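1. Sequence first, then the predicted structure:
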Amino acid sequence: MDIEFVAATTAIPPKTALARIAFDGDTQQGALAQAVAASRFTGAKGQTLDVLAPQGETAARLVLVGAGKTAAFDVIAAEQAAATAYNAVKASGLETLRIELSGDADMAAHAALGLRLASYRFDKYRTTEKTDKKPSIGKAQIVAADPDAALAAFAPLSAIADGISFTRDLVSEPPNVLYPAEFARRVKALESLGLEVEILGEPEMMQLGMGSLLAVGQGSIRESQLAVIKWYGAADKSAQPIAFVGKGVCFDTGGISIKPADSMEDMKWDMGGAGTVAGLMHALAGRKAKVNVIGILGLVENMPDGNAYRPGDVLTSMSGQTIEVINTDAEGRLVLADALWYCQDRFKPKFMVDLATLTGAIIVALGNDYAGCYANDEDLAANLLAAAKAEDEGLWRMPLPDAYNKQIESMIADMKNTGTRAGGSITAALFLQKYVNGVPWAHLDIAGTAWKKPSSVATIPDGAVGFGVRLLSRMLQDKYEG
Ligand code: BES
Ligand code: MN
Ligand code: ZN
């Protein structure tokens, strides 16, 4: 999507759809008033009214976009309104979408962000799609009182959109294409943005004693990888970094505890946590964030095989703690156990946040609009929740009750990798907590939020969401970029 900010006096190009924001109770003039009267359009949030060849307008089409109450119209509402306008006309055959909205440069910039997010499409493998089925709108004009100020305000948001698109691309890729080494290559390519990237292979991880992560990948012909991404954006390059750790299971068959065939294809996005961390690092480099950040991705493929790890196996993790495997499908926590330990051991971060499509149980608990937030630190939890609210990403605090540790006690090792069905997302989080070594830490279980199909949110096309990039970038910006 090619976006420009223009003055109201800029001529409307041919083949343009004009979107105008209408609030609850707004009245229209002339032909538009007639069109409104002939419909159920009231200006309520999310409504659209498409008017063809409107009398007295230069545009080929005019779409009224309901934005609800005027007083509640904030930057998020501006994003949604712009995205709703795009969705209404994207397949109209017209080529340009022009958006008229009142408000300052920031409002216009967020409208542009809404367009970037709504127009995301993963179509690289579609070779026979007819042109008349593809989106026709390729250009946008956003009318702003001060176009230069709007363009300047859009720069950091454009970096966010780039980061989210990067995450969405990774999450959308099929598992035959995006296996651990390919994921690592794509992350390595981010060095062109100014990030530093180190890739560890199986020999290096063996040396480090990562028996937990390596066990998960041992049934795969694809080599497991650990990617370490560094962004030193603070004025003081030696300032203690903040760390993000992502579960990157490029495909999760369940292993020997194999999953049922139904929807198994969804497990290509079991690398969504790693995808978000990679997209976050992309965004931070893009907006030159003034903070030191480490991103660590545990990249594996969980396959059944003659060499696969088994239920009953006892693994020795890098921390020295041993794990009795009860279910090879509870593999994400095994990957994160070594990634988290390595992270705190090597980088001594201020705090760590891990992201993982960890449990089906979090979907049972919270559905698809809220990720679960577990934390051993109140300030960190509060900062995450505040950032999530500001960025309109659903996040809900979950408890870490010590009593539930009983469920993962083992007779033969220091812990088991699963508990019972009761509180399955909680016992997974308690398992992770044993690998943070007391460092302030939060765990976001994004199993319900990484993928949305069908999506009812205008800024999220069906499929990969890119959940978490916005909230994490926001938290850093608000709290750690002095
Ligand atoms: N990747 C899955 C969790 C998941 C399920 C993510 C559905 C997205 C959608 C994870 O590795 C897993 O299989 N978890 C098991 C744990 C169980 C064996 C204790 C689960 O949730 O069923
Ligand atoms: Mn699994
Ligand atoms: Zn998994």
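-> Everything's here; your move. What you are looking at is a predicted structure, and each value in this text was computed from that prediction instead of being measured. Ligands and ions are numbered 1, 2, ... in the order given.
2. Show me the strands in the stretch 51-200 of the chain, by range?
-> Using DSSP state E, counting those that start in this stretch, the strands of the stretch 51-200 of the chain run over 61-66, 96-100, 139-143, 196-200.
3. Make JSON lines out of those strands and add mean pLDDT and mean neighbour count.
-> Every C-beta, even on glycine, is put in place using the N, C-alpha and C of the backbone. Listed next are the strands of the stretch 51-200 of the chain as JSON lines, based on pLDDT from 0 to 100; neighbours: other Cβ atoms under 10 Å:
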{"stretch": "strand 61-66", "mean pLDDT": "96", "mean neighbour count": "24"}
{"stretch": "strand 96-100", "mean pLDDT": "97", "mean neighbour count": "24"}
{"stretch": "strand 139-143", "mean pLDDT": "98", "mean neighbour count": "23"}
{"stretch": "strand 196-200", "mean pLDDT": "98", "mean neighbour count": "17"}
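4. Of all those strands, which one is nearest ligand 3?
-> Ligand 3 lies closest, by Cβ to the ion, to one member of the strands of the stretch 51-200 of the chain: strand 196-200, at 20.8 Å.
5. and the gap between the residue in the stretch 1-150 of the chain positioned nearest to ligand 2 and residue 44?
-> Closest residue of the stretch 1-150 of the chain to ligand 2, Cβ to the ion: residue 122 (23.7 Å). Separation of residue 122 from residue 44 (Cβ to Cβ, to the nearest Å): 31 Å.
6. ok, now residue 334?
-> Between residue 334 and residue 44 the computed distance is 48 Å (Cβ to Cβ).
7. ok, those two, which is more surrounded?
-> A count of neighbours by other Cβ atoms under 10 Å puts residue 334 above the other of residue 334 and residue 44, at 30 against 15.
8. the longest helix in this structure is where?
-> The residue-count maximum for a helix in the chain (DSSP state H) belongs to helix 147-172.
9. got the angle between that one and strand 139-143?
-> 140 degrees (axes from the mean of the first three to the mean of the last three Cα atoms, to 10 degrees).
10. Summarise which helices and strands helix 147-172 is packed against.
-> Helices and strands touching helix 147-172, by 3 or more Cβ pairs under 8 Å, 6 or more residues apart in numbering; DSSP states H and E, are strand 2-6, helix 105-118, helix 272-286, strand 463-464, helix 469-479.
11. Residue 49 belongs to a strand, doesn't it?
-> Yes - using DSSP: H, G, I helix; E, B strand; the rest coil, the assignment for residue 49 is a strand.
12. Based on its surroundings, how many neighbours for it?
-> Residue 49 has 22 neighbours, counted by other Cβ under 10 Å.
13. thought it was touching residue 42?
-> No - in this structure, residue 49 is not within contact of residue 42 by Cβ atoms under 8 Å, at 9.7 Å.
14. In contact with the closest residue to ligand 1 within the stretch 251-400 of the chain, which residues are there?
-> At 3.3 Å from ligand 1, residue 360 is the closest residue in the stretch 251-400 of the chain, using Cβ to the nearest ligand atom. For residue 360, the contact set (Cβ atoms under 8 Å, 6 or more residues apart in numbering) comprises 424, 447.
15. Let me know which of the strands of the stretch 51-200 of the chain is the nearest to residue 75.
-> Residue 75 sits nearest to strand 139-143 of all these, at 13.2 Å, using Cβ to Cβ.
16. what does the closest one contact?
-> Contact partners of strand 139-143, identified using Cβ under 8 Å, 6+ apart, comprise 1-8, 10, 13, 16, 82, 86, 95-101, 108, 111-112, 115, 150.
17. Can you tell me which of the residues you listed are classed as buried?
-> Among the contacts of strand 139-143, those scoring as buried are 1, 3-6, 16, 82, 86, 96-101, 108, 111-112, 115, 150 (criterion: 16 or more other Cβ atoms under 10 Å).
18. Within reach of ligand 3, which of those are there?
-> On the criterion Cβ under 5 Å from the ion, none of the entries of these sits beside ligand 3.
19. do you know how far residue 377 is from residue 294?
-> In this view, residue 377 and residue 294 are 18 Å apart by Cβ to Cβ.
20. Please disregard the earlier target; I meant residue 148.
-> Residue 148 sits at a distance of 36 Å from residue 294 (criterion: Cβ to Cβ).
21. So which of these two has more stuff around it?
-> Between residue 148 and residue 294, residue 294 has the larger neighbour count (other Cβ under 10 Å), namely 22 against 10.
22. mind checking the SS state of that one?
-> At residue 294 the chain is in strand, as set by three-state DSSP.
23. cool, the one 3 residues further on as well?
-> Each residue gets one of three states, and residue 297 gets strand by three-state DSSP.
24. Is it correct that it is in contact with residue 243?
-> No - counting by Cβ under 8 Å, residue 297 sits too far from residue 243 to count as a contact (11.6 Å).
25. Pick out whichever of these two has more residues nearby.
-> When residue 297 and residue 243 are compared for neighbours, residue 297 comes out ahead with 30 against 27, by other Cβ under 10 Å.
26. So in terms of bridging, what pairs with that one?
-> Under DSSP bridges, the beta-bridge partners of residue 297 are residue 227, residue 246.
27. And for residue 162, the neighbour number?
-> A count of nearby residues for residue 162, using other Cβ under 10 Å, gives 19.
28. ugh, wrong one, residue 387
-> By other Cβ under 10 Å, the residues close to residue 387 number 21.
29. for the one 5 residues further on, same thing?
-> Neighbourhood size, residue 392 [other Cβ under 10 Å]: 16.
30. For residue 458, see how far away it is.
-> For residue 392, the distance to residue 458 equals 11 Å [Cβ to Cβ].
31. Would you mind giving the strands of the stretch 51-200 of the chain as JSON lines with distance to ligand 1 added?
-> Shown next, in JSON lines, are these (distance: least, Cβ to the nearest ligand atom, whole Å):
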{"stretch": "strand 61-66", "distance to ligand 1": "34"}
{"stretch": "strand 96-100", "distance to ligand 1": "34"}
{"stretch": "strand 139-143", "distance to ligand 1": "34"}
{"stretch": "strand 196-200", "distance to ligand 1": "22"}
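32. Of all the ones you listed, which one is nearest residue 416?
-> strand 196-200 (27.3 Å).
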